[in-house]
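1. Got a sequence here, can you build the structure:
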Amino acid sequence: MSLINQMLRDLEQRNNPNAASTPKLELRPAPHTKHRRRWPWLIAFALTLPVHYLWRQTHSNQAEQPAVAVPRLALPAKPTQTLPATPVEPQQQPTEAPIANATIAQPALPNTEQVIPIVKAIEPEVPLSLPSAAAIPPAITPAAKPVKAQTPAEQADALYRRAKAGNSSAAILAHLRNALQLNPSHLGARTLFLQTLLKAHAGSEEIADFVQASLQLFPDNLLFVKTRAHLYVQEKNFAEAINTLEQISADSVDDTAYLSLLAAGYQQQQRFPQAERIYQRLTQFQPDKAENWLGLAICQDKLNETQAAAQAYQQALDKNTLNADVVNYIKQRLSALN
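-> I've put the predicted structure just below:
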């Protein structure tokens, strides 16, 4: 109140500038002195209103700070580190809530200079990129291996193997025809194709054409040679049969079918010395076969080898496998030779 008294004194001095030099006079109050005493108080109260208002505004901004809703910080889903809480003095922030579960109260907008350091002090450092638990490499699809294109020879081999596993003659022949179109020089396919034709009793013309084409590629193949010579013998073309058989050296062959065809061809061509030599080999390979002994006896009989021919005729007769006409012929020759 000393400030108000001083202000009242200053006001009285301004109103009465000569009051200091004039001696005070004690005046008795007039009838309406109460109303005159109220005016200085009212004037003093009016002057103190702005000061009180400024004082209230200053202290209200510091004491009562409105809570400003701050957006919740986006924390990492799986933080690798737990940041320690920043210690805060109780006098500065007595009601501060935990960082992770409460919104942060900030002062009013005019005092933003004081908000920035507080927020920086409690805001956790969010990493720019979240660390992964383990670096997972991207899934790499293995490159498909390029399929190597099969050559015609390889395709022919596959068809040949499929034909060997087949049971139907028609299917086997179909696979082998396709294989030979891809690779005409496939010997296995040609051999199996001819064997299948013979088992299926195909026509002689079809077999002859196929064998003739095969002999052009494989002239010394025993199967092709024998088959073609047999077809010539059936046609009574013994000369061509012998020419075909002689493509192979008889001395290097032990096949009895080949030797039988060659001996029969020599005998039909009356080449008895060559035939006798072949029949002698046959009787060694097949001593129980009467036809071999009969062929040897005929050749020796034609060469006037009487004693050898009689022995050969008797060997053929002893086998008891010849028909009656052949048996009668042998008996007649034995009677003539003895």
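2. quick one: average confidence on stretch 325-332?
-> Summarised as a single mean, pLDDT over stretch 325-332 is 94.
3. With stretch 193-200 instead?
-> 93.
4. Same question for stretch 290-300.
-> Mean pLDDT, computed over stretch 290-300, is 96.
5. CA atoms only: put that stretch into PDB for me.
-> Taking Å, rounded to 0.1, in the frame of the first residue of the first chain, the C-alpha atoms of stretch 290-300 are listed here in PDB:
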ATOM      1  CA  ALA A 290      21.100-136.700 -92.400                       C
ATOM      2  CA  GLU A 291      20.900-133.900 -95.100                       C
ATOM      3  CA  ASN A 292      24.600-133.100 -94.600                       C
ATOM      4  CA  TRP A 293      25.600-136.700 -95.100                       C
ATOM      5  CA  LEU A 294      23.400-137.000 -98.100                       C
ATOM      6  CA  GLY A 295      24.900-133.900 -99.800                       C
ATOM      7  CA  LEU A 296      28.400-135.200 -99.200                       C
ATOM      8  CA  ALA A 297      27.600-138.600-100.600                       C
ATOM      9  CA  ILE A 298      26.100-137.100-103.800                       C
ATOM     10  CA  CYS A 299      29.200-134.900-104.300                       C
ATOM     11  CA  GLN A 300      31.600-137.900-103.800                       C
END
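6. got the contact list for it?
-> Residues from elsewhere that reach stretch 290-300 (C-beta atoms under 8 Å, 6 or more residues apart in numbering): 260, 263-264, 267, 272-273, 275-276, 279-280, 282-283, 286, 308-310, 312-313, 315-317, 319-322, 326, 330, 333. C-beta coordinates here come from the backbone N, C-alpha and C atoms, glycine included.
7. buried subset of the residues you listed?
-> By neighbour count, with 16 or more other C-beta atoms under 10 Å, the contacts of stretch 290-300 hold 260, 263-264, 267, 272, 275-276, 279-280, 282-283, 308-310, 312-313, 315-317, 322, 330, 333 as buried.
8. Where does the prediction get shaky in this structure?
-> Along the chain, segments meeting pLDDT under 70 span 1-41, 44, 46, 50-53, 55, 57-147.
9. Out of the contacts of stretch 290-300, which sit inside strands?
-> Assignment to strands by DSSP state E places none of the contacts of stretch 290-300 there.
10. So which of the residues you listed sit within helices?
-> Among these, the members found in helices (DSSP state H) are 260, 263-264, 267, 272-273, 275-276, 279-280, 282-283, 308-310, 312-313, 315-317, 326, 330, 333.
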